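Undergrad: sequence? don't have it. structure:
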């Protein structure tokens, strides 16, 4: 089960890198213009606010697009700080998503729907819940979904916080992948 999930994750990451590379090659001038426009209008604070909202709620787009904005705009000069700010905003969003999920889990309707499931799988949730949130923190899977689920199912705050902190290295890693992919596939 874990091996299959790992293989799918690696395949998804490779496919995303190739897709980003092809899009970056075909639409490089447009992407650079868009990235400059977004960076000039929003700045790092605006990008962090977008990350906070998209990682708290289910996003309509992958937030890795915002890393592309940093890579293709004047913000790249301060990329270590900017990527860290976005990673920290994402980690905070995970805890906010957990809080919303916790609130939903206390809702009488949700308790009625999930009551037997949570009672039956409580030990498994406590044992593997951290790993589920960690998988959401590190992979392209929507992080907010795992955090909401952890809250609804009653996983404690500490495992969610610990897993959420992995968003920081994930953002640096993905930024590196994006920059490498863009420079590898980019026009000379």
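TA: Sure thing, it's come through. Computed from a predicted structure; not experimentally measured.

Undergrad: C-alpha only now, for contacts and for neighbours.
TA: Will do.

Undergrad: just checking, residue 70 touches residue 35?
TA: Yes: at 7.2 Å, residue 70 and residue 35 qualify as touching, with contact defined as C-alpha atoms under 8 Å.

Undergrad: how far does stretch 95-110 sit from the chain's center?
TA: 20 Å (C-alpha atoms, centre = their mean, to the nearest Å).

Undergrad: which positions in it come out as buried?
TA: 95, 96, 97, 98, 99, 100, 101, 102, 104, 105 (16 or more other C-alpha atoms under 10 Å).

Undergrad: what of stretch 135-142?
TA: For stretch 135-142, by 16+ other C-alpha under 10 Å, it's 135, 136, 137, 138, 139, 140, 142.

Undergrad: which one of those is nearest to residue 51?
TA: Ranked by distance to residue 51 (C-alpha to C-alpha), the buried residues of stretch 135-142 are led by residue 142 at 12.0 Å.

Undergrad: the closest one and residue 136 touch, don't they?
TA: Yes: Residue 142 lies in contact with residue 136 (C-alpha under 8 Å); the separation is 6.3 Å.

Undergrad: what sits closest to the spatially most central residue of the chain if chain neighbours are left out?
TA: Nearest to the mean C-alpha position of the chain, by C-alpha atoms, centre = their mean, lies residue 143 at 4.9 Å. Counting by C-alpha to C-alpha, 6 or more residues apart in numbering, residue 136 is the residue found nearest to residue 143 once chain neighbours are left out, at 4.6 Å.
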